[in-house]
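**Q** Return a 3D structure for these sequence lines:
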Amino acid sequence: MMMENNQGLKVSILASGSSGNVTYIESANQRLLVDSGLSGKKVTELMKQIDRDIADVDGILVTHEHRDHIHGVGVLARKYKLDVYANEKTWAAMSPIIGEVKTEQKHIFEMGKVMTIGDIDVESFGVSHDAVEPQFYCFHKNNKRFAMLTDTGYVSDRMRGVIQNADAYLFESNHDLEMLRMGQYPWSLKQRILGDKGHLSNEDGAIAMADVLGDATKRIYLGHLSKDNNIKELAHMTATDILKEKGTGVNETFSVYDTDPEVASPLFNV
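**A** Here you go, the predicted structure:
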């Protein structure tokens, strides 16, 4: 497929939510997925929604071994001979789940490193989640940056330092505190979600967003919404209200966008 002469990055949040997560990132000569938490068939359909072909993808970067992030990794890697990148502990944890991946397709991407993949510099950083060694990624191209941060119980100063003043973000807005507290989840699961190795609430996510965004920031996508403990409209309202309270220029200098577990976001330029 001929790629457009694109100076920076193009991104689509193909799917985001507790049922499955996939993000697509392309440059002039590189096409990458971050995670593939849905079936190969579903990921192929989502790619068609943005007029892209899964057969043109070069590789998958994996954040951690939970099924809503790796469900389709093995199938896609085998069918399309994709390179797969993850840190050593994540490889050990996910290998029995995703099945065999050929040695030449397996790449170790350790936490806290920068790896150049094609014409994209990718920076990995650790998060606080109940997986063996979860890490997320910040993508650099021509002084533009796209930062991803979901699946973390809190945002440390170290994480903030990596993702400060990115041009666009995928940021966790997992649950509404009241919906979670009043919901039917067992207490042990509620504790897990609310803990330091769980997920960011709408409020905590928005407070962290206000801390890291800067003059370069133009887009924030709210991601990883719980299907049981959140509502898209509520997450959006909470985020924008808190960002307004903090005088960030929301809806003036930058915009907040929703994501969906079934519908790909339109491709956007970073």
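
**Q** Neighbours of Pro266, how many?
**A** 11 (other CB atoms under 10 Å). (Glycine included, C-beta is placed from N, CA and C.)

**Q** now do His69
**A** His69: 26 surrounding residues under other CB under 10 Å.

**Q** How much space separates it from Leu213?
**A** As judged by CB to CB, to the nearest Å, His69 and Leu213 stand 25 Å apart.

**Q** Now do the helices in the stretch 151-270 of the chain.
**A** All helices of the stretch 151-270 of the chain, identified by DSSP state H, counting those that start in this stretch, fall at 157-163, 177-182, 187-194, 202-212, 232-245.

**Q** got the contact list for the first one?
**A** Contacts made with helix 157-163 from outside it, assessed by CB atoms under 8 Å, 6 or more residues apart in numbering, are listed as Glu123, Phe125, Gly126, Val127, Cys138, Ala147, Leu149, Thr152, Tyr169, Ala208, Asp211, Val212.

**Q** What ranges does the stretch 1-150 of the chain have for its strands?
**A** Using DSSP state E, counting those that start in this stretch, the strands of the stretch 1-150 of the chain run over residues 10-15, 22-26, 31-34, 59-61, 83-86, 106-108, 114-117, 120-126, 135-141, 144-149.

**Q** how about those strands, which one is nearest Asp53?
**A** strand 31-34 (9.2 Å; CB to CB).

**Q** List the neighbouring strands of the closest one plus their orientation.
**A** Taking DSSP bridges as the criterion, strand 31-34 forms sheet pairs with strand 22-26 (antiparallel), strand 59-61 (parallel).

**Q** Tell me which of those sits nearest to Asn251.
**A** strand 22-26 (23.8 Å).

**Q** Provide the contact partners of that closest one at residue level.
**A** 3, 6, 9-16, 31-38, 43, 46-47, 50, 52, 57, 72, 120, 139, 146, 148, 170, 264, 267.

**Q** go with 7 Å
**A** 3, 9-15, 32-38, 43, 46-47, 50, 52, 139, 146, 148, 170 (CB atoms under 7 Å, 6 or more residues apart in numbering).

**Q** between that strand and strand 144-149, how big is the angle?
**A** 170 degrees (axes from the mean of the first three to the mean of the last three CA atoms, to 10 degrees).

**Q** can I get the CA coordinates of strand 22-26 in CSV?
**A** Output in CSV follows, covering the C-alpha atoms of strand 22-26 (Å, rounded to 0.1, in the frame of the first residue of the first chain):
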residue,chain,number,x,y,z
VAL,A,22,-6.0,-1.8,20.1
THR,A,23,-4.3,1.4,18.9
TYR,A,24,-3.0,2.0,15.3
ILE,A,25,0.0,4.3,14.6
GLU,A,26,1.5,5.0,11.2
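
**Q** Averaged pLDDT, that strand. What do you get?
**A** Strand 22-26 comes out with an average pLDDT of 98.

**Q** relative orientation of that strand and strand 120-126 in degrees?
**A** Computed by the same axes, to 10 degrees, the angle separating strand 22-26 from strand 120-126 equals 150 degrees.

**Q** Centre of the chain to strand 22-26, how far?
**A** 9 Å (CA atoms, centre = their mean, to the nearest Å).

**Q** With stretch 11-29 instead?
**A** Relative to its parent chain, stretch 11-29 has a centroid offset of 7 Å by CA atoms, centre = their mean.

**Q** cool, and stretch 210-221?
**A** 16 Å.

**Q** Using neighbour counts, pick out the buried residues of it.
**A** Using 16 or more other CB atoms under 10 Å as the test for burial, stretch 210-221 gives Ala210, Val212, Leu213, Ala216, Thr217, Lys218, Arg219, Ile220, Tyr221.

**Q** taking those one by one, which sit in strands?
**A** Of the buried residues of stretch 210-221, the ones assigned to strands by DSSP state E are Arg219, Ile220, Tyr221.

**Q** Format the strands of the stretch 1-150 of the chain as CSV; extra columns: distance to Ile97.
**A** What follows is those, written out as CSV (distance: least, CB to CB, whole Å):
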stretch, distance to Ile97
strand 10-15, 19
strand 22-26, 16
strand 31-34, 17
strand 59-61, 14
strand 83-86, 12
strand 106-108, 14
strand 114-117, 23
strand 120-126, 21
strand 135-141, 18
strand 144-149, 21
